[in-house]
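Visitor: for reference, the sequence and a predicted model appear below.
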Amino acid sequence: MMPLVSATKEDARFVYDLRFNDQNRHLCWTMTFPSFQEHEQYFLKHLHEYKIIMKADKKIGFLRLGKEIGIFLLKEYQGRGIGSIVLSQVSGRTSIKKENTMSQRAFENAGWKQTGYIYEKKEEEIEQ
């Protein structure tokens, strides 16, 4: 298991920078991006949906448990199976763009089922 800690208001900048950096922008469904102030307002309203992914004492990514599941990792932690480990701990639904093959693999390796661009995992399918 990977440690997930509840996000705090101080995590707004970390989440924004990771979510909207140049590496991740092309993977977003929307092509309009909020200012930091707009993001911060949204983030604080939905703070309960965010978990920070930790490795030792370092923030290495975040998980959003909202209407759709979203996961983002720092580049140096991608491709190491961390996303799959985190995703194996949760259930829900998400949609992934076809060019986002790394996320597709992470969800599939975590036991999520694909239907088109939608991935789902039911709570009873979580391995204990």
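Guide: Okay, I see it. As the structure is a prediction and not an experimental result, all values here were calculated from the model.
Visitor: lowest-confidence helix or strand of this protein?
Guide: helix 22-25 (a mean of 66; mean pLDDT, DSSP states H and E).
Visitor: low-confidence ranges, this protein, go.
Guide: In the predicted model of the chain, residues 24-31, 128 satisfy pLDDT under 70.
Visitor: residue boundaries of the helices in it?
Guide: 12-19, 22-25, 36-45, 82-87, 101-109 (DSSP state H).
Visitor: quick one: closest of the ones you listed to Phe62.
Guide: helix 12-19 (5.3 Å; Cβ to Cβ). All C-beta atoms are positioned from the backbone trio N, CA, C, and that covers glycine.
Visitor: Gly116: neighbour count?
Guide: As a burial measure, Gly116 scores 8 neighbours (other Cβ atoms under 10 Å).
Visitor: quick check: it vs Val86, distance?
Guide: 23 Å (Cβ to Cβ, to the nearest Å).
Visitor: return the distance of stretch 63-82 from the chain's centre.
Guide: Distance, stretch centre to chain centre, for stretch 63-82: 4 Å (Cα atoms, centre = their mean, to the nearest Å).
Visitor: thinking again about what came up before, single out the most deeply packed of the helices of the chain.
Guide: helix 82-87 (a mean of 21; mean count of other Cβ atoms under 10 Å).
Visitor: hey, what's the residue nearest the centre of the chain bridged with?
Guide: Among the residues of the chain, the one closest to the centroid is Ile71, at 1.1 Å (Cα atoms, centre = their mean). Here Ile71 sits in beta bridges with Leu63, going by DSSP bridges.
Visitor: surely it is in contact with Phe62?
Guide: Yes: Ile71 is within contact range of Phe62, at 7.4 Å (criterion: Cβ atoms under 8 Å).
Visitor: any common contacting residues for the two?
Guide: Ile53 (Cβ atoms under 8 Å, 6 or more residues apart in numbering).
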